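Colleague: Need the 3D shape of this:
(chains A and B)
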Number of protein chains: 2
Amino acid sequence: MKSPTQHHYFLVSERRAVPSNCAMAHTSSNVQARLLEKVLSIVEHERLVSGIDETKKVVEFVHPEELKKLLQLAIQREGRSLEEIEQVLETVVRYSVKTQHPFFFNQLYGGIDEVALAGAWLTEALNTNQHTFEVAPVFTLVEHYVITRLVELFGWQEGDGIFSPGGSMSNMYAMVLARYKKNPEVKRLGMSAMKPLVAFTSDQSHYSIGKAASWIGLGMDNVVKVQTDSWGRMIPEALKEAVAAARARGCEPFFVLATSGTTVFGAFDPLDTLADVCRDENLWLHVDACWGGTAIISKKHRHLLQGIHRADSVAWNPHKMLGVPLQCSPFLMRHKGLLHECNAANATYLFQQDKFYDVSYDTGDKSIQCGRKVDAFKLYFLLTCHGMDEMERRVDAAFKAAEYLATQVAQRSEFRPVLGAAQGTNTCFWYIPPSLRQQQENAEWWQKVAKVAPRLKERLVRAGSFLVGYQPVPEKGLVNFFRMVNTCYPEPQLRHMDRLLDEMDSLGADL
Amino acid sequence: MKSPTQHHYFLVSERRAVPSNCAMAHTSSNVQARLLEKVLSIVEHERLVSGIDETKKVVEFVHPEELKKLLQLAIQREGRSLEEIEQVLETVVRYSVKTQHPFFFNQLYGGIDEVALAGAWLTEALNTNQHTFEVAPVFTLVEHYVITRLVELFGWQEGDGIFSPGGSMSNMYAMVLARYKKNPEVKRLGMSAMKPLVAFTSDQSHYSIGKAASWIGLGMDNVVKVQTDSWGRMIPEALKEAVAAARARGCEPFFVLATSGTTVFGAFDPLDTLADVCRDENLWLHVDACWGGTAIISKKHRHLLQGIHRADSVAWNPHKMLGVPLQCSPFLMRHKGLLHECNAANATYLFQQDKFYDVSYDTGDKSIQCGRKVDAFKLYFLLTCHGMDEMERRVDAAFKAAEYLATQVAQRSEFRPVLGAAQGTNTCFWYIPPSLRQQQENAEWWQKVAKVAPRLKERLVRAGSFLVGYQPVPEKGLVNFFRMVNTCYPEPQLRHMDRLLDEMDSLGADL
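Modeller: Sure, this is the predicted structure:
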């Protein structure tokens, strides 16, 4: 309990009495934004948008129970003093993983560009809800403009789209639309009234398709996992066979989810050939390009997406490779009007038809959400400020770093590539510690290799030097290996790739 | 086209050469966060977190086509100069609706508290993804702590929950969980294998239940709209009858969505009685308390939620009434473990079981999303900084303003209350312009009244003086009326309520 005389933040008079130790010039002397200034000063001090110093740790790891004690989480009847509040902010930053660190390679996202963060901060401050032109005049037009440009970028003459809360939701949008196109009555009558539907995807696709199948009432068993080649790319012949087999057992195929940039291998499914199959079989082709879709920006690498203009829909996450803060997930589609038709509920309190402006700009009824964050502006702001040439340069640099890493992995005997080259910006490899080198590579040996990645990962985390992911791929008989990924921001340097391998070999020397 | 000598933002050397005209003291001289400083300066100048001046406009309305010209949206090969970039930010702010304005009453959200915005800005800057303890150590614990406290707040001994991207998604979570509890095989087999399920909700509930029914494969026709009383509250006897009727036609009732704080009337369904029905009929009781759940904070008003502790799940949106930036939507439930069981997909690349720390903290597999924004911290930060006493004071103030407005509406002959009192913080009323006063109130008269709200709304928008919503409620035979709503921030003043009515009567004098 605090003494009643202690200053609490919520008392406005006290707030204003606290002198600001930040020298920012105020345009209005009685305007206080002390805490916002504090956040800005933390961002600047920690260099969260301008490249964290490589000598700093990526993470200051402590175990959950210990971290609980350090955080002293508490919500009480009384508030906290300004000093305590600032301490909360500092502790949060201290123990948070620095995703902006040049050595954060743990997940399919990384640092964020200052421009994009500025866009995000502004939209947060404006607290706009993206449902009607009435309340979101600017951002409705921005979303419309960005969607139109992205539709062009992916090669469609016309189309539609919406920013969704993440790639998993975008994939679910696609499945729901494909089902509606197959049988519009499903919206009213549900799936109990329908023949069992079947969806197809590769055995390397993202797990969200299973979750989506569960949620939309399709059932996870009705997602057929199609075999991939040694690079993790869906085999079109195998898809054809799977479709035929499903028809033979009385089910109705409706949907193929192809992937451009799989989570682990970074594989790009052969879209053109898959589009042929989908055309012949009358199936909706959705491309989960959440990770690899960024290649569309690069003249050098967009061949990986060859055929994407023939897809019915595309999910892309600029928050992954492009340095836009989470969440930024445009879902795009070729069929104009279908999104509204499939999802509209025509709520009379929100989408009044007797408004005095052109209500075709009230796009919110296309969404499965009601309230919806503005996710389009930060992407628009990034692209308009930097320009597409700069974006292309960054994308090429990320790909180049991945290729360089793959070359080094192949050349250094302490490492063993999983694949013969990088795919997208993914490079997969094992570390072979000294005790396992030059031995017979039998089943027992691989069992030992399987234990290396978790142990080495632990050491990397405790050292705070690098964060990089690992996983097995049981369906290909592959034990735990590292998956390195490069994003555009902060820009990966070739020497960082060397340094990662050196660090692994140094920390793993006694394994 | 720009000349090649023009400064572009993305050229770091040029960036640093641009002198900052903001006097903020830098701890590190070469650290630049110029655009972030610009955003902060806009927030301070426009007073977005410290109460916009009442004399300023809520909106500077221009029609969509005209606004397009003003915005000059463009993404080009080249970037923009810093001057252009700053102009983009200023134009965006100028034409955006000021949801923080004390006279923004248009939707079920409003201004945002500086503390909550600081929390949001920090989480944006840290760019953390809420899926594992590994990458989100602090925020995983924060979410866990907040969920635990909210489970207590709503009166459960134990429970679980997750922050979802909005109330519509929370309602969908509830339906999916209820369906899974009724028949866990649905996850694998889908709904084609099941007896047709039926859900129940009131005719005043939010439209998201229909969208959810469509998406999860239940079908909109399998949502039965139960009759409400004159206040818009679900009639338990009518629910009982509807359940019996559904069973009689061979369907399987499984889910009741009750509402605490309906969108238009602000009605609170009688939860205790509905809980009796759900217990007797073995139905999942979900409470959509997105809007009205905030009453739980007030000793004076929490009686409206009497019985909520008997619900199976609750959706609450602190981003609506409490001044937390969008999105902040805890979904809460009584059944521990079910969320994970229903939604887990066990992706091996993300939720490795051979990690060196306690992986029970990797809570991401409970979610339908993969990447997930940190929405818990801004709420935690708001509550811990201000304390619950201050929150309670604010909630009571919002209710008080609504009650005051209802009294004024009843007393002033220019207005006609739709209901006899405010419900929650909603006050519903017609404006009766001079030309329609003291006339026979027949069908023709009501047809004329129906046209008043859209016309008056247009005038309010063009004047930029107030933003307030209107809608008809056809199922109750009610033509277009205004729906006033009060939120906690900025704190509504009683004189603002008078001013709204005065402004309406002034702008509507010739109608």
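Colleague: all strands for the stretch 151-300 of chain A, in order.
Modeller: A:160-164, A:197-202, A:223-226, A:252-259, A:284-288 (DSSP state E, counting those that start in this stretch).
Colleague: out of those, nearest to chain B?
Modeller: strand A:197-202 (7.4 Å; Cβ to the nearest Cβ). From N, CA and C alone the C-beta is placed, and that goes for glycine too.
Colleague: How about residues contacting the closest one?
Modeller: A:175, A:179, A:182, A:191, A:209, A:213, A:218, A:222-228, A:232-234, A:239, A:242-243, A:246, A:251-259, A:262, A:267, A:269, A:283, B:190, B:192 (Cβ atoms under 8 Å, 6 or more residues apart in numbering or on different chains).
Colleague: Please pick the buried ones from those.
Modeller: The neighbour-count criterion (16 or more other Cβ atoms under 10 Å in any protein chain shown) marks A:175, A:179, A:182, A:191, A:209, A:213, A:218, A:222-226, A:228, A:232-234, A:239, A:242-243, A:246, A:251, A:253-259, A:262, A:267, A:269, A:283, B:190, B:192 among these as buried.
Colleague: and residue A:439, that one's in a helix?
Modeller: No - counting by DSSP: H, G, I helix; E, B strand; the rest coil, residue A:439 is located in no helix; its state is coil.
Colleague: what about it, distance to chain B?
Modeller: 22 Å (Cβ to the nearest Cβ, to the nearest Å).
Colleague: what about residue A:280, how many residues close to it?
Modeller: Other residues lying near residue A:280 total 10 when counted by other Cβ atoms under 10 Å in any protein chain shown.
Colleague: How about the contacts made by the closest residue to chain B within the stretch 51-200 of chain A?
Modeller: For the stretch 51-200 of chain A, the residue closest to chain B is residue A:190, as judged by Cβ to the nearest Cβ, at 2.8 Å. For residue A:190, the contact set (Cβ under 8 Å, 6+ apart) comprises A:217, B:191, B:196, B:197, B:213, B:217, B:218, B:219, B:221, B:222.
Colleague: Present those as CSV; the columns should include distance to residue B:297.
Modeller: Listed next are these as CSV, based on distance: Cβ to Cβ, whole Å:
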residue, distance to residue B:297
A:217, 36
B:191, 38
B:196, 40
B:197, 35
B:213, 31
B:217, 37
B:218, 33
B:219, 37
B:221, 38
B:222, 35
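Colleague: helices and strands of chain A: which one has the lowest mean pLDDT?
Modeller: helix A:12-17 (a mean of 35; mean pLDDT, DSSP states H and E).
Colleague: Domain ranges for chain A, per the record?
Modeller: Domain assignment of chain A by automatic domain parsing yields the ranges A:4-98, A:167-316, A:389-508.
Colleague: quick revisit: next structured bit after the least confident helix or strand of chain A?
Modeller: helix A:34-45 (DSSP states H and E).
Colleague: Check whether that next one comes into contact with chain B.
Modeller: Yes - applying Cβ under 8 Å from any Cβ of the partner chain, one finds helix A:34-45 in contact with chain B at A:34, A:35, A:36, A:37, A:38, A:39, A:40, A:41, A:42, A:43, A:44, A:45.
Colleague: what does stretch A:263-275 give?
Modeller: Yes - Stretch A:263-275 reaches chain B (Cβ under 8 Å from any Cβ) through A:263, A:264.
Colleague: gap between that stretch and the chain center?
Modeller: 18 Å (Cα atoms, centre = their mean, to the nearest Å).
Colleague: same thing with stretch A:196-216?
Modeller: That offset, for stretch A:196-216, works out to 18 Å (Cα atoms, centre = their mean).
Colleague: Check stretch A:315-327 too.
Modeller: That offset, for stretch A:315-327, works out to 5 Å (Cα atoms, centre = their mean).
Colleague: and if you look at stretch A:52-72?
Modeller: 23 Å.
Colleague: Pull the residues that contact that stretch.
Modeller: Against stretch A:52-72 from outside (Cβ under 8 Å, 6+ apart): A:46-47, A:91-92, A:94-95, A:97-98, A:100-104, A:461-467, A:490, A:496, B:133, B:137-138, B:140-142, B:357-358, B:361.
Colleague: Quick check: the gap between the residue nearest the centre of chain A and residue B:123.
Modeller: Closest to where the C-alpha atoms of chain A average out (Cα atoms, centre = their mean) is residue A:320, at 4.2 Å. Counting by Cβ to Cβ, to the nearest Å, the separation of residue A:320 from residue B:123 is 18 Å.
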